[in-house]
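**Student:** Sequence and predicted structure are below.
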Amino acid sequence: MSAARPARVPLVVIHPLVVRVTHWLNAVAIVCLVMSGWKIYNASPLFGFSFPGWATLGGWLGGAIAWHLAAMWLLVANGLVYLAYGLAGRHFMRSFLPIGPREVWRDLKEALTFRLHHELGAYNAVQRLLYVVVVLLVVAAAVSGLGLWKPVQFQGLVGLLGGYEWVRRIHFAAMAGIVGFLVIHVALVAVVPSTLWAMVTGRARVKISAEEAAP
């Protein structure tokens with residue numbers, strides 16, 4: 001009598017279409033914002049260095065500003081779609097909450113000792129914290145960016161943030177944090193490449209209940 005075959009893990013949707021589309025549009029918008037922003041920064045450096053030309057976008061200051069504004073509106077429009085879906089479809093509650101310091105510390109220790117279990121479609125506490133932080137950084141970049149773009153019209157906002165030079169520093173710090181997140185994000189994808197394919201197709205073979213499976 002032959003041995004019973006192990007049950008096959010079903011192929012389920014872990015990233016709905018709206019999540020995948022907004023994810024990739026966000027990626028394009030943020031990369032364009034960062035590269036064009038580096039070109040704008042080079043025109044009037046805040047610190048004692050400049051970014052290499054190959055890492056910038058726009059060709060010249062006016063072109064970089066045009067790219068920056070176009071990418072900004074793409075990010076805003078796409079972000080509103082993602083926000084509406086995240087709230088209406090309870091995507092935020094399912095994927096990113098709750099976040100507790102005990103869980104973050106536990107998962108961080110396991111990650112540093114290479115013992116952290118990864119399951120497609122589920123975020124550990126460290127990942128949830130990083131996603132929340134990068135959303136706050138994007139908000140900080142957007143708010144400070146308004147002050148840089150229209151310092152006269154938004155002079156109240158500029159004053160609240162400490163003045164124009166402080167707004168520049170806040171914008172740069174937010175950008176640096178976003179770039180740091182991207183570096184970590186890409187590194188994790190390189191370690192677990194199956195996450196990339198899942199974000200392209202939306203499907204993966206994971207042990208997931210029918211209630212958790214996305215429609």
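**Tutor:** Everything's here; your move.

**Student:** Any regions of the protein where pLDDT drops low?
**Tutor:** 1-11, 13, 89-98, 100, 107, 109-125, 204-215 (pLDDT under 70).

**Student:** what's the closest non-adjacent residue to the residue nearest the centre of it?
**Tutor:** The centre of the chain sits closest to residue 134, judged by C-alpha atoms, centre = their mean, with a distance of 5.6 Å. Counting by C-beta to C-beta, 6 or more residues apart in numbering, residue 134 lies nearest to residue 181, which is 4.5 Å off, once chain neighbours are set aside. In this view, the C-beta of every residue, glycine as well, is placed from N, C-alpha and C.

**Student:** correct me, but that neighbour touches residue 136?
**Tutor:** No. Assessed by C-beta atoms under 8 Å, residue 181 is found out of contact with residue 136, at 10.8 Å.

**Student:** of the two, who's got more company?
**Tutor:** residue 181 (17 against 11; other C-beta atoms under 10 Å).

**Student:** mind checking which helix or strand residue 182 is in?
**Tutor:** Residue 182 belongs to helix 164-191 when assigned by DSSP states H and E.

**Student:** That helix: which residues count as buried?
**Tutor:** Burial within helix 164-191, assessed by neighbour count using 16 or more other C-beta atoms under 10 Å, is assigned to 167-172, 174-175, 177-179, 181, 185.

**Student:** Where do the helices of the chain begin and end?
**Tutor:** All helices of the chain, identified by DSSP state H, fall at 17-43, 61-88, 91-96, 101-112, 125-149, 155-160, 164-191, 194-201.

**Student:** In the last one, which residues are buried?
**Tutor:** This points to helix 194-201. 195, 198-199.

**Student:** Among these, which one sits closest to residue 127?
**Tutor:** Among these, residue 195 lies closest to residue 127 (C-beta to C-beta), at 10.5 Å.

**Student:** Residue 105 versus the closest one, what's the distance?
**Tutor:** Distance, residue 195 to residue 105, by C-beta to C-beta, to the nearest Å: 23 Å.
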